[in-house]
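*Asks:* Sequence unavailable; structure follows:
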């Protein structure tokens with residue numbers, strides 16, 4: 001199977017739509033729908049509609065990446081998404097394997113796939129991928145397991161994202 005066949009960002013929200021169709025609790029269904037709308041507008045690059053899914057002062061937390069953090073507040077979140085969209089980082093595929101929903105949060109877990117330009121990889125200082133020199137003219141597929149907690153406000157909007165990325169590479173400890 002080619003990367004093109006494996007990589008389709010517009011498949012990302014299908015599991016959320018299946019869950020919405022099965023969900024009997026109206027509040028839980030609305031929460032899952034809000035996450036679906038957020039994901040659809042993010043992947044589609046619609047910044048105004050994406051921001052409309054969020055509370056006035058959203059807070060993001062990124063865990064398991066080299067620099068843990070995430071944008072805090074509307075201006076910082078909007079700038080984060082503006083840069084992501086401008087750089088093409090919004091075109092990812094999230095293969096959701098598990099969805100947990102209650103009145104206060106939705107949790108999604110699965111495999112995140114994203115095309116990464118070889119030029120960006122080379123610019124980050126990485127010289128080889130899978131034992132071969134990085135080709136600046138090529139695209140690469142990055143994959144990582146993620147778990148996202150989407151806290152939901154009383155009005156149904158998303159309060160932010162708490163994203164837990166898959167395990168970073170192991171690093172050898174110095175001998176004592």
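*Replies:* That came through, no problem. Here the structure is a predicted model, which is why all the values come from computation and not from measurement.
*Asks:* which other helices and strands contact the longest helix seen in the chain?
*Replies:* In the chain, taking DSSP state H as the definition, the longest helix is helix 26-44. Helix 26-44 sits against helix 14-22, helix 47-52, strand 92-101, strand 105-117, strand 139-151, strand 158-165, with contacts defined as 3 or more C-beta pairs under 8 Å, 6 or more residues apart in numbering; DSSP states H and E. No exception for glycine: its C-beta is placed from N, CA and C like everyone else's.
*Asks:* Take those and write them to a markdown table, including distance to residue 71 and mean neighbour count.
*Replies:* Output for these, formatted as a markdown table (distance: least, C-beta to C-beta, whole Å; neighbours: other C-beta atoms under 10 Å):
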| stretch | distance to residue 71 | mean neighbour count |
| --- | --- | --- |
| helix 14-22 | 23 | 16 |
| helix 47-52 | 12 | 15 |
| strand 92-101 | 17 | 18 |
| strand 105-117 | 18 | 18 |
| strand 139-151 | 15 | 16 |
| strand 158-165 | 9 | 19 |
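*Asks:* can you redo those as TSV with distance to residue 63 and mean pLDDT?
*Replies:* Written out in TSV, the entries for the helices and strands packed on helix 26-44 read as follows (distance: least, C-beta to C-beta, whole Å; pLDDT from 0 to 100):
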stretch	distance to residue 63	mean pLDDT
helix 14-22	22	97
helix 47-52	22	98
strand 92-101	17	94
strand 105-117	14	90
strand 139-151	9	89
strand 158-165	5	95
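*Asks:* Thank you kindly, that will do.
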